[in-house]
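Engineer: predicted model and sequence follow; I will ask about them next.
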Amino acid sequence: MEDLKFDSTKRLAVDYVEGILQPKPTCDTWDQIWNFQARPDDLLISTYPKAGLEQANATPSPRALKTHLPIHLLPPSFLENNCKIIYVARNPKDSMVSYYHFHRMNKGLPDPGTWEEFFESFLAGKVCWGPWYDHVKGWWDAKDQHRILYLFYEDMKRNPKHEIQKLAAFIGKSLDDKVLDKIVHHTSFDVMKQNPMANYTSVPVEFMNHSISPFLRKGTVGDWKNHFTVAQNDRFDEDYKQKMADTILTSHFQFL
């Protein structure tokens, strides 16, 4: 019955803001978003969708705000007020797979169609919040001009304690080992998957259907290998090589 209820709920429409596809509510309130007044002590957490924000969100901080906007659409007050910003980037193949499953269960996003169709949409950048390439490169290029801590999801999985220490130092917090270990525990994927404050299970099923795909699905590195065909992988690698030729970011994303 839950699936029927979910199916009867209409998906949100999408439209463009400055050439970037966005959910219609974002487009309708764009002036308000663009003119948002950040405070100097705000902490902004930014990612391309489904790039693993949970650990950053759980760390002690000033007012924490979250965005998926590419940097050129970021409300100017964040940079004008020299706000601290944490950006988390993730391997694009895993990002694509995770984003696909998020579309499947979330009525706030367009119907992704089949995996094959979504693969094409993602490659073409015709997804909400725009092309992955432009997103990660835009924030990367801005990190030396502004107070931006650029993190990688894979590093957070590999050595969470080290990355949380780095994050804590960035926001001016000194954490002893006991506190660090507690944060590492509570921000681990398995613990957060069971936490209603993090797993979005409180959202009504007609908007997010966790029986289709849970909000916190796997959180692993390399799950793309269970989805990509050999032909898709070859196409993706060629596209990636072309679009990332102008950045050293490629050294941070190891696919194989």
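Structural biologist: Now that the structure is in, tell me what you want to look at.

Engineer: can you tell me the closest non-neighbouring residue to Ala13?
Structural biologist: Lys24 (4.2 Å; Cβ to Cβ, 6 or more residues apart in numbering). Bear in mind the C-beta positions are built from the backbone N, C-alpha and C, glycine included.

Engineer: could you measure from the one you found over to Leu109?
Structural biologist: Plainly put, Lys24 is 11 Å away from Leu109 if you go by Cβ to Cβ, to the nearest Å.

Engineer: all strands for the stretch 1-150 of the chain, in order.
Structural biologist: Ranges of strands in the stretch 1-150 of the chain, per DSSP state E, counting those that start in this stretch, are 14-17, 20-23, 43-47, 64-67, 84-89, 148-152.

Engineer: export the ones you listed as a markdown table, with columns for distance to Asp246 and mean pLDDT.
Structural biologist: What follows is the strands of the stretch 1-150 of the chain, written out as a markdown table (distance: least, Cβ to Cβ, whole Å; pLDDT from 0 to 100):
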| stretch | distance to Asp246 | mean pLDDT |
| --- | --- | --- |
| strand 14-17 | 25 | 92 |
| strand 20-23 | 20 | 92 |
| strand 43-47 | 21 | 92 |
| strand 64-67 | 24 | 88 |
| strand 84-89 | 16 | 95 |
| strand 148-152 | 17 | 95 |
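
Engineer: on the pLDDT front, check Ser202 for me.
Structural biologist: In this model, Ser202 is scored at 46, pLDDT.

Engineer: coming back round to it: adding mean neighbour count, write the strands of the stretch 1-150 of the chain out as a markdown table.
Structural biologist: Shown next, in a markdown table, are the strands of the stretch 1-150 of the chain (neighbours: other Cβ atoms under 10 Å):
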| stretch | mean neighbour count |
| --- | --- |
| strand 14-17 | 14 |
| strand 20-23 | 19 |
| strand 43-47 | 23 |
| strand 64-67 | 16 |
| strand 84-89 | 24 |
| strand 148-152 | 20 |
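
Engineer: want to throw the ones you listed into JSON lines with distance to Trp129?
Structural biologist: Shown next, in JSON lines, are these (distance: least, Cβ to Cβ, whole Å):
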{"stretch": "strand 14-17", "distance to Trp129": "10"}
{"stretch": "strand 20-23", "distance to Trp129": "7"}
{"stretch": "strand 43-47", "distance to Trp129": "10"}
{"stretch": "strand 64-67", "distance to Trp129": "9"}
{"stretch": "strand 84-89", "distance to Trp129": "13"}
{"stretch": "strand 148-152", "distance to Trp129": "17"}
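
Engineer: out of those strands, nearest to Leu74?
Structural biologist: Of all the strands of the stretch 1-150 of the chain, strand 64-67 sits nearest to Leu74, with 6.9 Å by Cβ to Cβ.

Engineer: in its sheet, what does the closest one sit against?
Structural biologist: According to DSSP bridges, strand 64-67 forms sheet pairs with strand 43-47 (parallel).

Engineer: and the angle for the partner strand with strand 148-152?
Structural biologist: With axes from the mean of the first three to the mean of the last three Cα atoms, to 10 degrees applied, the angle from strand 43-47 to strand 148-152 works out at 40 degrees.

Engineer: which residues touch strand 43-47?
Structural biologist: The list of residues contacting strand 43-47 from outside it, by Cβ atoms under 8 Å, 6 or more residues apart in numbering, reads 38, 53, 56-57, 61-69, 71, 74, 78, 83-90, 139, 171.
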